[in-house]
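> Here is a sequence together with a model predicted from it:
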Amino acid sequence: MDLSVLTFLLILMLAFANGTNDVSKAIATLVGSGVTNYRTAIAWGTFWTMVGAAVAASVATAMVKTFSSGFFQPDLVIPSTLTPAILSGTCLWVLFASMTGLPVSTTHALTGSLIGAGLLAFGSEGLIWATLSKKIALPLLLSPFLAFGLSFFIHPLIKSIAKRWEGLCICVMPSHRALVTIDAQGCTRTLFQAGNIGVPVASVPSQCDRAGLSGPTLGLDSIHWLSSGLTSLARGINDAPKIAAMLLLGSSAASWPSQALQVLAFAGVATAMGIGSYWGGRRVTEVLAEKVTEMNHAEGLSANLTASSLVLVSGTFGLPVSTTHVSSSAIIGIGLLRGRSSVRWATVRDMVLAWIVTLPVAAILACLTYLLLSRAY
């Protein structure tokens, strides 16, 4: 098989593997807090992940530059077998983790593969260690602690808002062109109503399931759905450019030779991520939803807001944080606010061990693949 074709197929496989493991990071709180079931949550996360991956083509140029030209010295000639070796090492580890239910970081695995195969191909002098330490290692190391601390700050605020919101929803009434609040006792209050439309909203309480009003409602569950979608969107924006950037590995300009290739790359990555998310995302989702800590709506919302804010900000500046580390740390932090006994430490131990071994295992797999491909080609 031609190496260019093999490389593109491996990019699609890595995007698929990423979907199987990472879709869980945004939707586990929906299931864990009882908002919805697995099938609906995964479908929701899949949709917004694909949207984020598509949007990344235009907004995540800094991330593409970091992963395509930030690891190796610019004067090096990149062997044709290096990129498929890096992709293979990353893909093999992420797929293994997904099958065993371990939430691991694709960013972490890709970094390990890049370093391992790069050291084998060029030696230590071929790597740009300043970039690796400042733009890769530092964000990856700090992001779990930032998520952990931010969850302690965000959750009390969300909890306070949730108490005031409990039992309250906003009803959108297209027929009356109005927004109406409904409290737990069924009392209504018109927030907004366009003029000259006839009967006041508050005078027709018999038309609503909860208080006589009909139309879509916006409650605490709705905010949780939105936060989950935002986290999935952020994950797509954060992960897609790292995978697509492998097509440009070693390019000094880190720019796409044509817009058609850029569109094809991101469309392929977005589609493969979506397929992997929908058909393979349940196993890891079960771990984060049920085996780390119990959570209610407010706690799930806090975890999602923590993860999405950190991932979006870092992605904008081209700093590759791990969605896995961020979201998992946020969930653990939320659990600790209830007390140490609320966290299932055996699950956390397995997760941390997986995080620790991701770099060396991915590096070893990439090195072995590089040696095999070098002999074959």
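Everything's here; your move. Numbering: from 1, shown residues only.

> so where's the stretch 151-300 of the chain shaky on pLDDT?
Applying pLDDT under 70 to the stretch 151-300 of the chain flags residues 164-170, 172-176, 182-186, 188, 195-220, 250-254.

> what about the helices in this protein?
In chain order, the chain shows helices spanning 3-22, 24-32, 38-59, 61-69, 82-100, 106-122, 129-131, 138-165, 220-244, 259-280, 282-290, 297-316, 323-338, 345-376, with DSSP state H as the criterion.

> Tell me which of the ones you listed lies nearest to residue 178.
Minimum separation from residue 178 across the helices of the chain (C-beta to C-beta) falls at helix 220-244, 17.7 Å. No exception for glycine: its C-beta is placed from N, CA and C like everyone else's.

> coming back round to it: between the helices of the chain, which gets nearest to residue 76?
For the helices of the chain, proximity to residue 76 was assessed by C-beta to C-beta; helix 106-122 is nearest, at 6.0 Å.

> who does the closest one touch, helix- and strand-wise?
With contacts defined as 3 or more C-beta pairs under 8 Å, 6 or more residues apart in numbering; DSSP states H and E, the secondary structure elements packing on helix 106-122 are helix 3-22, helix 82-100, helix 138-165, helix 220-244, helix 323-338, helix 345-376.

> any idea which of the helices of the chain is most buried?
helix 24-32 (a mean of 30; mean count of other C-beta atoms under 10 Å).

> between it and helix 282-290, what angle do the directions make?
60 degrees (axes from the mean of the first three to the mean of the last three C-alpha atoms, to 10 degrees).

> Which secondary structure elements does helix 24-32 sit against?
Applying 3+ C-beta pairs under 8 Å, 6+ apart, one finds that helix 24-32 makes contact with helix 38-59, helix 220-244, helix 282-290, helix 297-316, helix 323-338.

> what residue is smack in the middle of the protein?
Among the residues of the chain, residue 235 comes closest to the average C-alpha position under C-alpha atoms, centre = their mean, at 2.8 Å.

> can you pull the contacts of the closest residue to that residue other than its chain neighbours?
In space, not counting the residues next to it along the chain, residue 235 is nearest to residue 323; the distance is 4.8 Å by C-beta to C-beta, 6 or more residues apart in numbering. Listed by C-beta atoms under 8 Å, 6 or more residues apart in numbering, the contact partners of residue 323 are 22, 25, 26, 105, 107, 234, 235, 238, 239, 307, 311.

> Check residue 128 too.
Residue 128 makes contact with 70, 71, 72, 73, according to C-beta under 8 Å, 6+ apart.

> Buried only: go through the residues you listed for me.
Using 16 or more other C-beta atoms under 10 Å as the burial test, the contacts of residue 128 include 70, 71, 72 as buried.

> now the closest residue to residue 358 other than its chain neighbours: how far from residue 153?
The spatial neighbour of residue 358 that comes closest, neighbours along the chain excluded (C-beta to C-beta, 6+ apart), is residue 108 at 4.6 Å. If you measure residue 108 against residue 153 using C-beta to C-beta, to the nearest Å, the figure is 25 Å.

> I appreciate the help and will end here.
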